[in-house]
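Participant: here is my input; please provide its structure:
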Amino acid sequence: MIDVAFQPDRVPAMSTVNGRPVAAEARSPARVPEGAIRDMLLLASVWVVSLVVVNPLGDFPLNDDWSFGLTVKNLLQNGDFRPTGWTSMPLITQALWGALFCLPSGFSFNALRFSTLTLSLGSLLVVYFLVRQLHPSRLLAVFAALTVAFNPIYYALSNTFMTDVPFTALLLAAALFFSRHLQGGSDFTLLCGVACALAATLCRQLGLAVPIAYAVCLLWHRGLEGRWVIRALVPLAVCVGALLTFQHWLKVTGRLPALYSLQNGEFLSALCTPKRLVPGLAKHIGTALLYLGWFSLPVMVLVLPAVAAARTGRRVFIIAGCVFALCSITVLVLTRGPMPTAGNIVLAQGIGPLSLRDVHILNLAHVPALWRGFWLAITVASLLGGALLVGAVAAKVATLRRSFLRARIQPDRIAGVFFLLCAAIYLSPILVIGGWDRYYIPALPFLLVGVAGVAAASWQPRTRTRVALAGLLLASLSFYAVLGTRDYLAWNRARWTALNDLLADGKVTAADVDGGFEFNGLYLYDAAYKEKPGKSWYWVDRDSYLLAFAEMPGWETVKEYPYTHWLPPYTGRIVILKQ
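Facilitator: Here you go, the predicted structure:
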């Protein structure tokens with residue numbers, strides 16, 4: 001239990017800049033806030049205990065990380081960075097990070113998973129520290145960190161070698177240093193920010209979002225004087241130059257993955273097609289706000305009175321929130337139905353993807369879905385959270401109108417604006433072309449830190465009711481995340497046990513098996529593969545054997561492998577089928 005849970009928030013000493021109050025922490029961002037070490041140890045302990053429940057061990061790939069794992073394996077064995085054709089990002093920083101964790105005992109997906117878990121833990125501690133730099137409340141900082149840590153998508157991906165969590169960690173590190181520099185930090189903090197932004201950009205291209213936001217905020221704060229223009233643009237130029245150079249090297253050396261430019265092409269195509277762009281934007285913005293609204297709701301409940309404190313802000317907050325809620329309800333009723341709507345990680349059945357042919361390709365109801373009432377409650381929470389998020393950002397924009405007119409932002413506001421701008425810039429291309437639910441996750445910590453910055457100026461002592469409601473929302477989010485991830489790993493563990501047994505005697509080869517997306521990608525990926533009629537789309541040669549969640553007509557059951565499922569509770573099976 002956090003010792004400050006029901007004590008009045010301690011507001012730091014204040015000074016003024018241009019007649020406006022500025023917290024002492026804003027003027028000395030390098031200082032470790034009071035009680036931070038104890039809170040961070042508590043956060044780390046909760047995180048580690050949750051992993052005991054999940055049991056992340058298992059030397060097998062999950063989702064797309066077979067592709068990234070093969071890149072690391074080749075780097076270790078041959079000293080050659082050569083990503084597979086399934087890769088659509090630079091990946092080099094993640095590959096080097098994963099290789100570092102494989103050095104002690106050799107390549108394994110366990111080592112790669114541990115490398116992601118390490119960065120995931122670091123990220124939640126950075127979120128805590130960033131909120132403490134912008135806001136007086138220890139409890140809010142703890143809630144923000146736990147809201148990120150136990151987000152269902154972030155938590156599930158923390159137990160993989162997918163790029164989403166490492167990329168988010170690098171983005172947050174870059175933002176930490178850039179925000180300190182914006183608040184009066186030294187040139188050393190700027191150099192550290194550039195280094196982290198460069199690492200993020202060479203993990204995924206959208207790492208450019210942070211140096212872009214830094215450039216905008218620095219010029220908005222300092223003006224267009226020559227030295228500030230140079231200082232604002234140099235970090236962005238370094239990252240863009242490094243990215244273009246790296247891409248050129250990939251191309252001229254024959255290493256450029258087949259899918260590397262796919263999303264760039266989709267983005268340009270959408271921008272050039274207004275009939276596609278406008279309805280696409282409306283759909284993708286609504287989807288993003290539903291997911292981010294659901295995930296940010298525990299924090300939004302705590303900061304609700306503060307973000308709508310000013311009279312003008314309160315009016316804008318209410319109008320914007322109501323408009324979003326009404327539009328979203330209309331769209332959900334007419335088209336998509338209740339959450340989840342985007343797919344990939346958060347599924348009706350729990351946490352996914354469920355990547356075996358019977359469910360993934362044929363859409364057979366072989367895996368029970370969670371209760372319909374659960375998803376209706378999540379949909380309501382998503383609508384409420386989205387409305388609060390829209391209202392909070394709209395209220396912030398309304399309070400900045402004088403800054404827009406003067407083309408200059410006050411020092412006490414710059415950090416909160418910087419984090420909200422990072423989230424907006426990161427999300428912009430995704431909102432144009434859409435994508436999986438996991439694409440929204442890197443924006444979540446930036447939104448939470450930015451909202452905390454918005455709420456700092458008008459922070460009001462919390463009430464037991466708000467704390468209890470926020471705690472209940474966070475507990476439900478964590479319950480779904482931890483148990484869903486545990487179940488996801490459980491059935492995958494059974495799946496890979498079945499596959500290893502099937503291949504053990506050498507009579508059956510990988511080419512004879514449709515073992516699901518990850519298995520066939522790991523063993524049979526071919527950039528020139530053409531989908532075969534009647535077979536799964538993912539690199540199937542001969543499907544003499546098939547893995548599934550249940551028996552199927554026309555297939556003989558060879559063996560079954562039970563596993564326990566907790567959410568919802570039942571005993572599941574992975575079955576080996578033979579034609």
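
Participant: only C-alpha atoms for contact and neighbour calcs from this point on.
Facilitator: OK.

Participant: which other residues reach the helix or strand hosting residue 546?
Facilitator: Residue 546 belongs to strand 545-548 when assigned by DSSP states H and E. Here strand 545-548 makes contact (CA atoms under 8 Å, 6 or more residues apart in numbering) with 356-359, 495, 512-516, 574-579.

Participant: among those, which lie within strands?
Facilitator: Among the contacts of strand 545-548, DSSP state E puts 513, 514, 574, 575, 576, 577, 578 in strands.

Participant: so how many other residues sit close to the third one?
Facilitator: Meaning residue 574. 24 (other CA atoms under 10 Å).

Participant: I'd guessed it sits against residue 558; true?
Facilitator: No: look at residue 574 against residue 558 with CA atoms under 8 Å: they stay out of range, at 10.9 Å.

Participant: just the CA trace of the strand holding residue 546, in CSV.
Facilitator: Extracted C-alpha coordinates of strand 545-548, given in CSV (Å, rounded to 0.1, in the frame of the first residue of the first chain):
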residue,chain,number,x,y,z
TYR,A,545,-0.4,-32.1,-40.4
LEU,A,546,-2.4,-29.2,-38.9
LEU,A,547,-2.4,-27.7,-35.4
ALA,A,548,-5.8,-26.4,-34.2
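
Participant: before we move on, the earlier item: tell me, what's touching residue 574 and residue 558 both at once?
Facilitator: With contacts taken as CA under 8 Å, 6+ apart, residue 574 and residue 558 have no neighbour in common.

Participant: tell me how far the residue most central in space within the chain lies from residue 424.
Facilitator: For the chain, residue 441 is the residue whose C-alpha lies nearest the centre (CA atoms, centre = their mean; 2.4 Å). For residue 441, the distance to residue 424 (CA to CA, to the nearest Å) stands at 13 Å.

Participant: what comes up buried for the longest helix along the chain?
Facilitator: When the chain is parsed with DSSP state H, its longest helix is helix 464-503. Neighbour-count burial for helix 464-503, with 16 or more other CA atoms under 10 Å as criterion, is recorded at 467, 470-471, 473-475, 477-496, 498-499, 502.

Participant: from the contact counts, what lies against it?
Facilitator: When contacts are defined as 3 or more CA pairs under 8 Å, 6 or more residues apart in numbering; DSSP states H and E, helix 464-503 sits against helix 36-54, helix 138-149, helix 152-158, helix 274-307, strand 350-351, strand 556-566, strand 569-578.

Participant: I'd like to know which of the ones you listed lies nearest to residue 206.
Facilitator: Residue 206 sits nearest to helix 274-307 of all the helices and strands packed on helix 464-503, at 16.7 Å, using CA to CA.

Participant: wait, residue 481 sits on residue 155?
Facilitator: Yes: judged on CA under 8 Å, residue 481 makes contact with residue 155 at a distance of 6.4 Å.

Participant: measure residue 111 to residue 119 for me?
Facilitator: Residue 111 is 13 Å from residue 119, by CA to CA.

Participant: of these two, give the one with the bigger neighbour count.
Facilitator: Neighbour count, other CA under 10 Å: between residue 111 and residue 119, residue 111 has more, with 23 against 19.

Participant: ok, now which ones touch the more buried one?
Facilitator: Residue 111 sits next to 98, 101, 102 when contact means CA under 8 Å, 6+ apart.

Participant: tell me which of these is nearest to residue 247?
Facilitator: Set against residue 247, the nearest of those by CA to CA is residue 98 (20.8 Å).

Participant: for the nearest residue to residue 134 once chain neighbours are set aside, helix, strand, or coil?
Facilitator: Setting aside the residues directly before and after it, residue 134 is nearest to residue 453 in space (CA to CA, 6 or more residues apart in numbering), at 5.2 Å. Put simply, residue 453 is helix when judged by DSSP: H, G, I helix; E, B strand; the rest coil.

Participant: who touches residue 453 in this structure?
Facilitator: Contacts of residue 453 (CA under 8 Å, 6+ apart): 131, 134, 135, 413, 415, 416, 417.
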